[in-house]
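*Asks:* structure of the sequence below:
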Amino acid sequence: MRVLLAEDDLVLSKSISNKISKLGFVVDVALDGHIAEQFLKSMVYDLIILDLNMPKIDGRDVLKHLRARGVITPVLVLTARVQLEDKVNVLNLGADDYLTKPFDFEELEARCRALVRRSRGLANDKIEHGDLIVDRQACAVFINEEPVSLTHTEYRLLDLMLSNTGRVLSKGAILDHLYTYDDAPSPSAVETYIARLRKSLSSSSTFSLRTLRGLGYVVESTP
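*Replies:* A predicted model of the protein is given here:
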């Protein structure tokens with residue numbers, strides 16, 4: 001899952017990025033509104049965390065422009081304003097939730113998970129695929145109730161593929177969701193990640209990750 005964090009406070013943005021990266025998110029950081037808009041015009045995100053008071057382009061304008069383009073990605077607004085009127089105005093602009101500064105990081109994590117879960121129509125933080133279960137809150141994977149050890153990259157790849165069951169994902173789409181601009185390896189690396197994930201989940205009788213040559217990869221739905 002990929003997140004855009006638009007926050008001009010360098011220390012706070014690093015802290016937030018480190019925290020939510022541990023949830024399995026890939027985080028792009030924008031330190032001003034102009035950079036945020038450039039990211040939003042070139043990438044597709046699962047969640048946007050948006051500070052209102054940013055230089056160059058105000059967070060409210062970023063939100064307005066986003067919704068005017070018809071983008072429905074969930075937006076969590078960070079604000080130092082505590083007045084009810086301010087919160088109502090932000091929600092009316094198109095925000096899905098807000099968090100008042102200063103905030104507890106556990107609450108931030110919980111709200112991030114809830115927004116992503118809601119946008120995907122999930123009732124809880126678990127994905128069940130036959131004998132395979134992914135617990136997003138614990139970042140844990142089980143096959144027939146037995147824990148499975150995955151690397152961080154394997155876990156994020158599995159989460160991405162299961163979240164798009166039945167949908168073909170190209171190598172480029174996979175890299176876009178797993179890496180930031182600066183960290184992305186070559187597309188050929190995806191083949192290695194897919195092979196490792198298949199090996200790690202070989203004990204599952206229901207998980208099938210197919211290669212569609214020239215198109216990409218797809219997890220088939222369970223019967």
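*Asks:* domain parsing for this structure?
*Replies:* If you go by automatic domain parsing, the domain ranges for the chain are 2-119, 126-219.
*Asks:* dump these into JSON lines; add mean pLDDT as well.
*Replies:* Output for those, formatted as JSON lines (pLDDT from 0 to 100):
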{"stretch": "domain 2-119", "mean pLDDT": "92"}
{"stretch": "domain 126-219", "mean pLDDT": "90"}
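*Asks:* reformat those as CSV; add mean neighbour count.
*Replies:* Every C-beta, even on glycine, is put in place using the N, C-alpha and C of the backbone. Formatted as CSV, those follow (neighbours: other Cβ atoms under 10 Å):
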stretch, mean neighbour count
domain 2-119, 17
domain 126-219, 16
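*Asks:* for stretch 88-102, measure first residue to last.
*Replies:* Distance across stretch 88-102, first residue to last, is 19 Å (Cα to Cα, to the nearest Å).
*Asks:* which residues does it contact?
*Replies:* For stretch 88-102, the external contacting residues (Cβ atoms under 8 Å, 6 or more residues apart in numbering) are 50, 52, 60, 63-64, 66-67, 74-82, 87, 107-108, 111, 114-115, 118.
*Asks:* let's go with 7 Å and repeat that
*Replies:* Stretch 88-102 has contacts (Cβ atoms under 7 Å, 6 or more residues apart in numbering) with 60, 63-64, 67, 74-80, 82, 87, 107-108, 111, 115.
*Asks:* residue boundaries of the helices in the chain?
*Replies:* Along the chain, counting by DSSP state H, helices occupy 10-21, 33-42, 59-68, 84-93, 105-119, 152-163, 171-178, 189-200.
*Asks:* how close does Val168 get to Lys199?
*Replies:* As for Val168, its distance to Lys199 is 22 Å (criterion: Cβ to Cβ, to the nearest Å).
*Asks:* please read the previous query as pertaining to Lys56.
*Replies:* Computed as Cβ to Cβ, the Lys56 to Lys199 distance reads 47 Å.
*Asks:* pretty sure Ser208 sits against Glu220.
*Replies:* Yes. Ser208 lies in contact with Glu220 (Cβ atoms under 7 Å); the separation is 4.5 Å.
*Asks:* now distance to Ile127 too, for the helices of the chain, in JSON lines please.
*Replies:* Formatted as JSON lines, the helices of the chain follow (distance: least, Cβ to Cβ, whole Å):
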{"stretch": "helix 10-21", "distance to Ile127": "19"}
{"stretch": "helix 33-42", "distance to Ile127": "27"}
{"stretch": "helix 59-68", "distance to Ile127": "27"}
{"stretch": "helix 84-93", "distance to Ile127": "29"}
{"stretch": "helix 105-119", "distance to Ile127": "10"}
{"stretch": "helix 152-163", "distance to Ile127": "5"}
{"stretch": "helix 171-178", "distance to Ile127": "15"}
{"stretch": "helix 189-200", "distance to Ile127": "15"}
